[in-house]
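# When you get a sec, could you give me coordinates for this:
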Amino acid sequence: MSYRISDIAAALGARFEGMGDLTVTGAAEPAQARADQLALAMDPRYADGLSRGQARAAVLWDGADWRALGLEAAVFAPRGRLAMARLTQVFDAGPMLDPGIHPTAIIHPEASVGEGAAIAPYVVIGAGARIGARARIAEHVSIGAGVVIGDDALILAGVRISARVTIGNRFIAQPGAVIGGDGFSFVTEERSRVEEARATLGKPGETKEQSWLRIHSLGGVTIHDDVEVGANTTIDRGTIRDTVIGRGTKLDNLVQIGHNVIVGEDCLLCGMVGIAGSTRLGNRVVLGGQAMAVDNITVGDDVVAGAATTITSNAPAGRVLMGSPAVKMDQHVEIYKSQRRLPRMLAQLADLQKTVKNLVEKGADSDP
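Below you'll find the model as predicted:
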């Protein structure tokens, strides 16, 4: 498909100058752009690449001199990343799934599939499942009994959705995601070593052989509208009540959401984040890659935690956290600076000890 510069500008909510009727078929980095591609140079540091590529049109930073850059048209984007979000939506054709239901798909007679759905080869849909209109379900997806999925879902290859899962509209699941597995919840007949350690703060105690008994997950998973789940991400069912993912929340690849967790609206959880059981995240929480939250705590609205942060206690709303265990960002920076100074401070301390020792020895030698 081809797109006119004027139409692209309208989709971005941006202004353009030059040949609005000029058409492009896709986007590229400036140095690699062909004549039929739109170069992406939303920052002055990318301008040099335009002379090495063949682009006739580009998305530029506000105030750029597009004529001096040798272009025939330009779209101006004051916020580059926002422009990228809208532009990639224009150019993304999505997965190429044939319309209708593939003959190798196995759909239970009591399941229902909405109008306009595309069901790829070897999909399995269980009894009583309800799939919304215009759903696109790629190959080798399994959907359990009684699952409800809203309209306009995009579920990519190899996703597993177990029973007792309810999902809203415009859901996106990347390959290999698993939604609705049992929670990781076990107990011993008598107080376990873990319980003992918590109660005594790790003091030595009696050890004995014990076996773990499974606590089964009787709850489900509820996912609200406009949620995206990354590749190989897992969301466990609740023990009694549902695990909940709020509207608009985005989960990156390899995220683990434990049983009974409640994640608020418009949260952003980056790769390898782990949320332990029964923890509650507020709205608009952002957790960097490999950040963790322990079980049974509350993380308030608008909390931001840097990469590899470990949240071990309740975090008040609006707090910016870093470190393990998590502390306020400015405090973490001071701690880090102090750690960097430790070798020098230890060397200074050794020098001081040597000086004091010499002074003491001299004083002893001078005594009558």
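
# Which residues does the least confident helix or strand in the chain by mean pLDDT contact?
In the chain, the helix or strand scored least confidently by mean pLDDT, DSSP states H and E is helix 193-200, which has a mean of 85. Outside of helix 193-200, the residues within contact range by CB atoms under 8 Å, 6 or more residues apart in numbering are Arg191, Gly205, Thr207, Gln210. Quick note: C-beta positions are derived from backbone N, CA and C, even for glycine.

# Those residues: which two are farthest apart?
Greatest spatial distance in the contacts of helix 193-200: Gly205 and Gln210, 13.0 Å, computed using CB to CB.

# List the buried residues for the least confident helix or strand of the chain?
Neighbour-count burial for helix 193-200, counted by 16 or more other CB atoms under 10 Å, picks out Glu196.

# just stretch 124-137 next, same as before
Within stretch 124-137, the residues that count as buried by 16+ other CB under 10 Å are Val124, Ile125, Gly126, Ala129, Arg130, Ile131, Gly132, Arg134, Ala135, Arg136, Ile137.

# got a list of what the second one touches?
With CB under 8 Å, 6+ apart as the criterion, the residues that contact Ile125 are Ala105, Ile106, Ile107, His108, Ala111, Val113, Ile119, Ile131, Ile143.

# ok, the second one - how many residues close by?
Going back to what we said before, that points to Ile106. 12 (other CB atoms under 10 Å).

# What does it show for phi and psi?
Main-chain torsions, Ile106, degrees, to the nearest 10: phi -110, psi 110.

# Return the residues in contact with the residue nearest to it when sequence neighbours are not counted.
Nearest in space to Ile106, with sequence neighbours left out and distances taken as CB to CB, 6 or more residues apart in numbering, is Val124 at 4.8 Å. Counting by CB under 8 Å, 6+ apart, Val124 touches Ala105, Ile106, Ile107, Val141, Ser142, Ile143.

# Okay, now the unreliable bits of this protein?
365-368 (pLDDT under 70).

# rerun at 90
Along the chain, segments meeting pLDDT under 90 span 1, 78, 80, 92-96, 190-210, 336, 339, 357-368.

# quick one, domains of it?
Per the record, the chain has its domains at 3-91, 102-327, by automatic domain parsing.
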